[in-house]
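[1] any chance you can model this:
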Amino acid sequence: MSTVNYYTPEGLQKLKTELQDLKIRGRAKAADDLREARDKGDLSENAEYDAAKDAQGLLELKIAKLEEVLGNARLLDETNLDLSKVLIMSKVKLKNLKNNMVLDYTLVAEEEANLAAGKISVKSPIGKGLLGKSVGETAEITVPAGKLQFQVLEISR
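    Numbers count the residues shown, from 1 in each chain. From the prediction side, this is the model:
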């Protein structure tokens, strides 16, 4: 059973665009690759044909997975979200208590995460550790590098 994930309008549109691109361009390229490999002769000993068939199978698997994700996707209504706690779509200003560094993150769905843009997944260790925290609270989070302590300075949308 699949889980429901919440997305911003931009994130949902990005998934829809990717699916459409895979269905149109991806399938056309896979068909061209198969046709080209088939033209090279005996299919029983044609490694290119086998590789093209495998690539086509992987493409169809990716399309099916994306369709499943979109089928369980819900658009997030930010107007009904509680501003007093860290939730998905919260913009959070944090202070690392170890080195006093101030960080800004937006908590997003897993597929929208982009650390360079300051977007972290609610399923990441830091995202999970911050969920439900209020301004002034400290979150102790275990990450692969050890334990980190963050104080929530500000929550916004």
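[2] contacting residues for the residue nearest to the spatial centre of the chain?
    Geometric centre of the chain, nearest residue: E111, 1.2 Å, by C-alpha atoms, centre = their mean. With contacts defined as C-beta atoms under 8 Å, 6 or more residues apart in numbering, the neighbours of E111 are 5, 7, 11, 15, 69. Every C-beta, even on glycine, is put in place using the N, C-alpha and C of the backbone.
[3] ok, it to Y6 distance?
    Distance check for E111 against Y6: by C-beta to C-beta, to the nearest Å, it reads 11 Å.
[4] K16 now?
    With distances taken as C-beta to C-beta, K16 is found 15 Å from Y6.
[5] tell me which of those two has more neighbours.
    For K16 against Y6, the residue with the higher neighbour count under other C-beta atoms under 10 Å is Y6, and the figures read 18 against 13.
[6] longest strand anywhere in this protein?
    Across the chain, the longest stretch assigned as strand under DSSP state E is strand 146-156.
[7] which parts of the protein are strands?
    Chain-ordered strands for the chain, with DSSP E as the definition, fall at 5-7, 73-75, 91-96, 102-108, 119-121, 138-143, 146-156.
[8] alright, I will stop here.
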